[in-house]
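**Q** Provide a 3D model corresponding to the input given below.
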Amino acid sequence: MKPLLLALAVLALSACQEEEAKAPPPPVEMTQEALSFFCQMNISDHGGPKAQLHLEGYPQPIFFAQVRDMVAYVKSPERDAKIIAIYVSDMNLAPSWDLPGTTNWITAEGAQYVVGAPVRGGMGAPEIVPFGNYEGAEAFVTKYGGQVLKMSEIPDDAALGAVDLAQVLETPL
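**A** Residues are numbered from 1 along each chain as shown. Below you'll find the predicted structure:
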């Protein structure tokens, strides 16, 4: 009986270690040195929500100056590594549009996104705005327009479509 219990304990412990190994990396604080993946510009110099994406085999995340850019990257078939975690700024906790925060990250899958609001992100294109809860997203929609969607519901053209800057405000909030 004791060898069976010992075997079960070892099996349970190894299963826990496997689960721990599969846990996604935590978000990294955005610093003054963080560069946007596509343009290599310092993202703290640009307002609006940000994103960070962790890739398998890479020690540091890649940052995006706009959530729209991260969504475009995710929807692109041309990636070098498997995505293991994505975090976005929780605009519920942002001090302002120009200061979206450096540590208020939430998982991209758990966020509520406002899509289609006439707001300009950090690189000047229409932005996809993440919120940690539906109420924050809905309040933003009431003020600026758009619709609330989960990440999996964001249409391709929201990140990959043509941009008409005449239809976009400078900065909200």
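
**Q** low pLDDT regions in this structure?
**A** Scanning the chain for pLDDT under 70 picks out 1-21, 35-42, 162-173.

**Q** which strand runs longest in it?
**A** Secondary structure of the chain per DSSP state E: the longest strand is strand 83-89.

**Q** packing partners of that one?
**A** strand 51-55, helix 67-75, strand 105-107 (3 or more C-beta pairs under 8 Å, 6 or more residues apart in numbering; DSSP states H and E). For the C-beta atoms, the positions are set from N, CA and C on the backbone; glycine is no exception.

**Q** between those, which one is closest to residue 84.
**A** Nearest of those to residue 84, taken as C-beta to C-beta: strand 51-55 at 5.1 Å.

**Q** neighbouring contacts of the closest one?
**A** 24-25, 27-28, 30, 37, 61-64, 66-67, 69-70, 73-74, 79-89, 105, 108 (C-beta atoms under 8 Å, 6 or more residues apart in numbering).

**Q** sorry, back to before: partner strands of the longest strand of the chain, with direction?
**A** strand 51-55 (antiparallel), strand 105-107 (antiparallel) (DSSP bridges).

**Q** buried stuff in that strand?
**A** Using 16 or more other C-beta atoms under 10 Å as the test for burial, strand 83-89 gives 84, 85, 86, 87, 88, 89.

**Q** which one of these is nearest residue 130?
**A** Nearest to residue 130 among the buried residues of strand 83-89, with distances taken as C-beta to C-beta, is residue 88, at 4.0 Å.
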